[in-house]
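Undergrad: can't give you the sequence, but here's the structure:
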C-alpha cells in the first residue's frame, strides 16, 4: 500500500519544527520531505536537512522543469517541495511529511485529495509572540511580517482536517501520530477496499 | 468539553457488537447508548443492555413525544435512539456510542455534524456470510433480507469518515479508539478554539 502524504502547516513560532523532529526520531515510518527555499539559512540550519538553500535563479529553473509538487512565494522568498523524492517515498510505503505554508498546502490538497492536512497552533497568541521573540534571530520587522501572515493563515485553518494545539511536546507528537494512524482508515483512503466489497456483494 | 458522539454502523454479521463490547470494557471514557427496538430479542440478548425491547405501540408513543435523536424502520421493525440519555452523557464529557444502521446514521450526521461516523466492514463478503450462518439464530430468509440490506448500505459507506475492517478483534478495537482520539482534534470539532485564536490575532 502506498504511504500517506501528510501536510503540516502552522504559524511561524508554533513549534511545528520541534514536533516534526521528534516524530521522525520516534517512528521509523515517517520521512521528511526537505523543501527548497531562497531564504537565508537561520543559525543552526543545515543545507539538505532543514532546507535546500538555493538562489532565485536555481529555484526558477526548477519551476520551469516541473520539478515541484507545490511551490509558493512567502515573505519575499520562494519555498517549494521537490517532486521526485516525495513520489519515490510514497511508493515505498513511507508516510511523507511536507512542512509547508498554507498557500502550498492548498495546492497539495487539490492535487492529492488523500493527503492528511494538519495545522499546528500555539495554545494562545501570547505564547506565539513569546516564542517568536525568544528566538532572537529575527528583527521586529520580520516578526511583524509573520504576524500579518498569521492573520491571513488563520482564515484558512478550516481547510485542514486536524489541529495540533502545541502546549506539550510529548502530547503533540503522540496526537500527530494518532491522526496519521487514523487517516489510514479513512473512507476516502480506502476506496479500493470499498469497491472490492461492493463487487463481492453484487456477485452473490 | 462536551463528549464525542460516535456513530457506528456495519453490515449485520460484521462483528461490530463484539468490537463495541470490548471497547467499552477496555476504556472508561465510552458509554453505549442503548437503542429501543420492536424486534424480538435474540437468544442471550438482555433487555436494557442490548436493547430496550418494546411494542410497536410503545415505540410510536415515544416518536410522538419527540423522544428520539433518530429512529428508522429496518427489516420490518423500528429502531431508535432515546434522546435524554445521549444528551446527558455528552454534557458529562463521555463519548457516546450509537450502534445504528445507515438510515438512522444519516439523520445523526445531519443533526450532529460533529459526530464521528465509523462503518465496520468484514474483510470480505465470504467472511460475512460465514458469520451470519454460524450465528445459527436466523432463518435463511432473514439472512437473505440482511444481504439485500447490505447491498443498499454499501452504497452509502462513503458518507462515513472511517472504516474498521474487522479481521482481528484487538486491532479493530485499537483502531476505533485511535479514530475517536484523533476526532477530538479535528478542526470541525475545535471551532471554538479557532475562533479564540482568530480574535487574539486580530487584537494585536
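TA: Looks like it arrived, so ask away. Because the structure is predicted, anything quoted here is derived from the model rather than measured.
Undergrad: my guess is residue A:48 meets residue A:35, correct?
TA: No. Applying Cβ atoms under 8 Å, one finds residue A:48 not in contact with residue A:35, separated by 11.2 Å. Bear in mind the C-beta positions are built from the backbone N, C-alpha and C, glycine included.
Undergrad: neighbour count winner among those two?
TA: Remark: of residue A:48 and residue A:35, residue A:35 carries more neighbours, 21 against 8, as counted by other Cβ atoms under 10 Å in any protein chain shown.
Undergrad: who's in contact with the helix-or-strand element of chain A with minimal mean pLDDT?
TA: When the helices and strands of chain A are scored by mean pLDDT, DSSP states H and E, helix A:125-135 comes last with a mean of 86. Identification of contacts with helix A:125-135 by Cβ atoms under 8 Å, 6 or more residues apart in numbering or on different chains yields A:11-15, A:122, A:138, A:143, A:146-147, A:150, A:167, B:197, B:200-201, B:204.
Undergrad: and residue A:196, that's in a strand?
TA: No. Counting by DSSP: H, G, I helix; E, B strand; the rest coil, residue A:196 is not part of a strand but helix.
Undergrad: can you tell me the closest non-neighbouring residue to it?
TA: residue B:124 (7.8 Å; Cβ to Cβ, 6 or more residues apart in numbering or on different chains).
Undergrad: got the phi/psi numbers for residue A:67?
TA: Dihedral pair for residue A:67: phi -90, psi 10, per degrees, to the nearest 10.
Undergrad: and the strands in chain A?
TA: A:5-10, A:30-33, A:35-37, A:51-53, A:68-74, A:77-82, A:95-99, A:116-121, A:162-165 (DSSP state E).
Undergrad: which of these has the lowest mean pLDDT?
TA: Note on these: strand A:68-74 shows the lowest mean pLDDT, a mean of 89.
Undergrad: just checking, what packs against that one?
TA: Secondary-structure packing of strand A:68-74 (3 or more Cβ pairs under 8 Å, 6 or more residues apart in numbering or on different chains; DSSP states H and E): helix A:56-64, strand A:77-82, helix A:83-91, helix A:102-111.
Undergrad: and with 7 Å instead?
TA: Strand A:68-74 is packed against strand A:77-82, helix A:83-91, helix A:102-111, with contacts defined by 3 or more Cβ pairs under 7 Å, 6 or more residues apart in numbering or on different chains; DSSP states H and E.
Undergrad: just name the lowest-scoring one in the contacts of helix A:125-135, pLDDT-wise.
TA: residue A:138 (74).
Undergrad: could you give the number of residues near the residue lying closest to that residue once chain neighbours are set aside?
TA: Among residues not flanking residue A:138 along the chain, residue A:132 sits closest, at 7.1 Å (Cβ to Cβ, 6+ apart). By other Cβ under 10 Å, the residues close to residue A:132 number 23.
Undergrad: over to residue A:186?
TA: Residue A:186: 19 neighbours (other Cβ under 10 Å).
Undergrad: check the spacing between it and chain B real quick.
TA: Applying Cβ to the nearest Cβ, to the nearest Å, the value for residue A:186 to chain B is 6 Å.
Undergrad: just checking, that residue touches residue B:158?
TA: No. Residue A:186 is beyond contact range of residue B:158, at 10.6 Å (criterion: Cβ atoms under 7 Å).
Undergrad: would CSV of the helices and strands packed on strand A:68-74 with distance to residue B:172 and mean neighbour count be doable?
TA: What follows is those, written out as CSV (distance: least, Cβ to Cβ, whole Å; neighbours: other Cβ atoms under 10 Å in any protein chain shown):
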stretch, distance to residue B:172, mean neighbour count
strand A:77-82, 35, 20
helix A:83-91, 26, 15
helix A:102-111, 30, 18
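Undergrad: any chance of those in JSON lines, with distance to chain B too?
TA: JSON lines is the format used below for the helices and strands packed on strand A:68-74 (distance: least, Cβ to the nearest Cβ, whole Å):
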{"stretch": "strand A:77-82", "distance to chain B": "22"}
{"stretch": "helix A:83-91", "distance to chain B": "21"}
{"stretch": "helix A:102-111", "distance to chain B": "13"}
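Undergrad: just send the ones you listed back as CSV, with distance to residue A:176 too.
TA: Shown next, in CSV, are the helices and strands packed on strand A:68-74 (distance: least, Cβ to Cβ, whole Å):
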stretch, distance to residue A:176
strand A:77-82, 19
helix A:83-91, 18
helix A:102-111, 15
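Undergrad: mind listing what's buried along stretch A:64-81?
TA: A:67, A:68, A:69, A:70, A:71, A:72, A:74, A:78, A:79, A:80, A:81 (16 or more other Cβ atoms under 10 Å in any protein chain shown).
Undergrad: typed the wrong thing, it's stretch A:187-195
TA: Those would be A:187, A:189, A:190, A:193, A:194, for stretch A:187-195 by 16+ other Cβ under 10 Å.
Undergrad: which outside residues touch that stretch?
TA: Stretch A:187-195 has contacts (Cβ atoms under 7 Å, 6 or more residues apart in numbering or on different chains) with A:113, A:114, A:183, B:157, B:158, B:160, B:161, B:162, B:163, B:165.
Undergrad: repeat the analysis, applying 10 Å as the threshold.
TA: Identification of contacts with stretch A:187-195 by Cβ atoms under 10 Å, 6 or more residues apart in numbering or on different chains yields A:1-2, A:4, A:113-116, A:183-185, A:196-197, B:117-119, B:121, B:123-124, B:154, B:157-163, B:165.
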